[in-house]
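Asks: Any chance you can model this:
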Amino acid sequence: MSTALARPLLLDLDTFARLTGVHPQLIRRYVALGLLEPTRVTAGRVWFGYADIAVVARIQRLRAAFSLNYAALGLVIDLLNRIAAHENVPRGRTRLSGD
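Replies: I've put the predicted structure just below:
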């Protein structure tokens with residue numbers, strides 16, 4: 001008898017769909033539209049990481065809150081990611097003249 005000591009690093013499509021509460025066909029659509037970028041493995045199987053669960057949750061929240069179509073979702077997600085990256089850049093201290 002063996003027991004799992006850790007969660008698997010990657011999730012197959014069906015497991016990922018079950019964890020996110022989203023139909024596998026909709027997950028495939030997100031991948032086809034570029035909203036979700038899984039790790040692909042040989043033989044055409046698609047695998048997802050646990051971080052992708054948050055991506056799907058974000059997609060679902062944006063669709064529910066703003067009724068965005070898929071093209072708009074891609075744009076909004078890209079902009080939100082750029083804003084987050086910009087906010088994480090350390091700011092240098094600048095002094096105003098006259099101080």
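Asks: Parallel or antiparallel, list what pairs with the lowest-mean-pLDDT helix or strand in the chain.
Replies: Least confident helix or strand of the chain, by mean pLDDT, DSSP states H and E, is strand 39-40 with a mean of 80. Applying DSSP bridges, strand 39-40 is found paired with strand 46-48 (antiparallel).
Asks: Helix or strand: which one has the residue most central in space within the chain?
Replies: Of all residues in the chain, the one closest to the mean position by Cα atoms, centre = their mean is Val55, 2.4 Å from it. In this structure, Val55 sits in helix 51-66 according to DSSP states H and E.
Asks: Now do the helices for the protein: every range, in order, please.
Replies: Using DSSP state H, the helices of the chain run over 13-20, 24-32, 51-66, 70-87.
Asks: would TSV of those helices with distance to Val41 be doable?
Replies: In short, each C-beta sits where N, CA and C put it, glycine included. Output for the helices of the chain, formatted as TSV (distance: least, Cβ to Cβ, whole Å):
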stretch	distance to Val41
helix 13-20	11
helix 24-32	13
helix 51-66	14
helix 70-87	24
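Asks: buried stuff in the helix holding Val55?
Replies: Of all the residues in helix 51-66, those buried under the rule 16 or more other Cβ atoms under 10 Å are Asp52, Ile53, Val55, Val56, Arg58, Ile59, Leu62.
Asks: With stretch 39-47 instead?
Replies: In stretch 39-47, counting by 16+ other Cβ under 10 Å, buried: Val46, Trp47.
Asks: same check, this time on stretch 21-31
Replies: Val22, Pro24, Ile27, Tyr30, Val31.
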